[in-house]
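Trainee: need a 3D model of the following:
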Amino acid sequence: MQVCLLQIALNFSSYNLKNTMKPARSQRPLEYPYTWDQFAHGEWVCTHIQTRLDEWLPRLFGYHMLKLGGLSCELVTGHCNIQHQVCIDKLNPLRNMEADNYDLPFVDKAFDVCVLANQLDYTDDPHRLLREIDRVMIDDGYLILSGVNPSSLMGIGRLIPWRKNKLPWNGRMFTPLRIRDWLSLLNYEIVDTSCFGLLPATRHRTCGVWFENACSELLPVIGSLYFIVARKRTYPLKPIKPKWKLKKQLSPVSLNYRIGDN
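Mentor: I've put the predicted structure just below:
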């Protein structure tokens, strides 16, 4: 059964590669989740993302961290070196501020780190959201994103009629490759990217852990979740002079050039 699901995921992955250029903007209303409890297998998803985040928190330094969205607010970051953390959402009880994600009430270059957990899938204009985050990020700041990989076994669920209107399958599910392209256009360096989590653990899967671990090593592209760490880079405005120089050439002396009297 698991081998059959694996083959379906590989076929679905090739299908997604042909359909990755759907418009980024969306006109349809989107149900944005504000807590992991709204997700199917939300605890499993949150635990996986928290594990990856815990690996990065000791490496992050600065003064201010932005956690955008209710799902980001519920990720534990108290043991991070950055003590001042702003959690923005409209409904999650862990928020400490409400604001429009497209018009954040902060000056330019205010935050050292931004955590964006599974939010791009539920925004109608991801380009605009990323540009606004870029505005409030300092140079060399870190942007941490996560989401559901459409080219995965979990991503297949949106093709099932009774699931496509439920979380997380009603999300837009952009591929990690496309998100990396967007970040590159904003001049972000991709520091780390990974896909993980083959299938949510259930009581019916008693011998599938080894299978999931093996597939995560051999075929990471079919992992149900992605985790991206990007760093904002800026190029110097003053061009760097090339090290090479043209060799001076000898100028011919004219015939009527007088050296001196004999």
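
Trainee: going by C-alpha atoms from here, please, whenever you check contacts or count neighbours.
Mentor: Fine.

Trainee: I'd say Glu189 and Tyr235 touch.
Mentor: No. Using Cα atoms under 8 Å, Glu189 makes no contact with Tyr235, being 11.8 Å away.

Trainee: which helix or strand in this protein has the lowest average pLDDT?
Mentor: helix 2-18 (a mean of 47; mean pLDDT, DSSP states H and E).

Trainee: follow-up on the earlier one: compare Glu189 and Tyr235 (neighbour count), which wins?
Mentor: Taking other Cα atoms under 10 Å, Glu189 and Tyr235 do not tie; Glu189 has more neighbours (19 against 7).

Trainee: tell me the spacing between the closest residue in space to Arg25 that isn't next to it in sequence and Glu55.
Mentor: Leaving aside its chain neighbours, Arg25 sits nearest to Asp125 (4.7 Å; criterion: Cα to Cα, 6 or more residues apart in numbering). The gap separating Asp125 from Glu55 is 30 Å, by Cα to Cα, to the nearest Å.

Trainee: of the two, who's got more company?
Mentor: Taking Asp125 and Glu55 together and counting by other Cα under 10 Å, Asp125 has the greater number of neighbours (16 against 9).

Trainee: would you agree that one is in contact with Ser26?
Mentor: Yes. Contact criterion Cα under 8 Å: Asp125 and Ser26 qualify, at 6.7 Å.

Trainee: show me the shaky parts of the chain.
Mentor: Across the chain, residues meeting the criterion (pLDDT under 70) sit at 1-21, 201-220, 236-262.

Trainee: one more pass at 90, please.
Mentor: Low-confidence segments of the chain, defined by pLDDT under 90: 1-32, 39-41, 151-172, 196-223, 234-262.

Trainee: any idea how far the strand of greatest length in the chain is from the middle of the chain?
Mentor: Looking only at the chain and at elements set by DSSP state E, the strand with the highest residue count is strand 137-148. In terms of Cα atoms, centre = their mean, to the nearest Å, the centre of strand 137-148 is set 7 Å apart from its chain centre.

Trainee: may I have it exported as PDB, CA atoms only?
Mentor: Extracted in PDB, the C-alpha atoms of strand 137-148 (Å, rounded to 0.1, in the frame of the first residue of the first chain):
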ATOM      1  CA  MET A 137      13.700  43.200   7.600                       C
ATOM      2  CA  ILE A 138      17.200  44.500   8.300                       C
ATOM      3  CA  ASP A 139      20.000  43.800   5.900                       C
ATOM      4  CA  ASP A 140      21.400  40.200   6.500                       C
ATOM      5  CA  GLY A 141      18.200  39.400   8.500                       C
ATOM      6  CA  TYR A 142      16.700  35.900   8.400                       C
ATOM      7  CA  LEU A 143      13.300  34.900   7.000                       C
ATOM      8  CA  ILE A 144      12.000  31.500   8.000                       C
ATOM      9  CA  LEU A 145       9.100  30.000   6.100                       C
ATOM     10  CA  SER A 146       7.200  26.700   6.100                       C
ATOM     11  CA  GLY A 147       4.300  25.200   4.200                       C
ATOM     12  CA  VAL A 148       2.700  22.100   2.600                       C
END
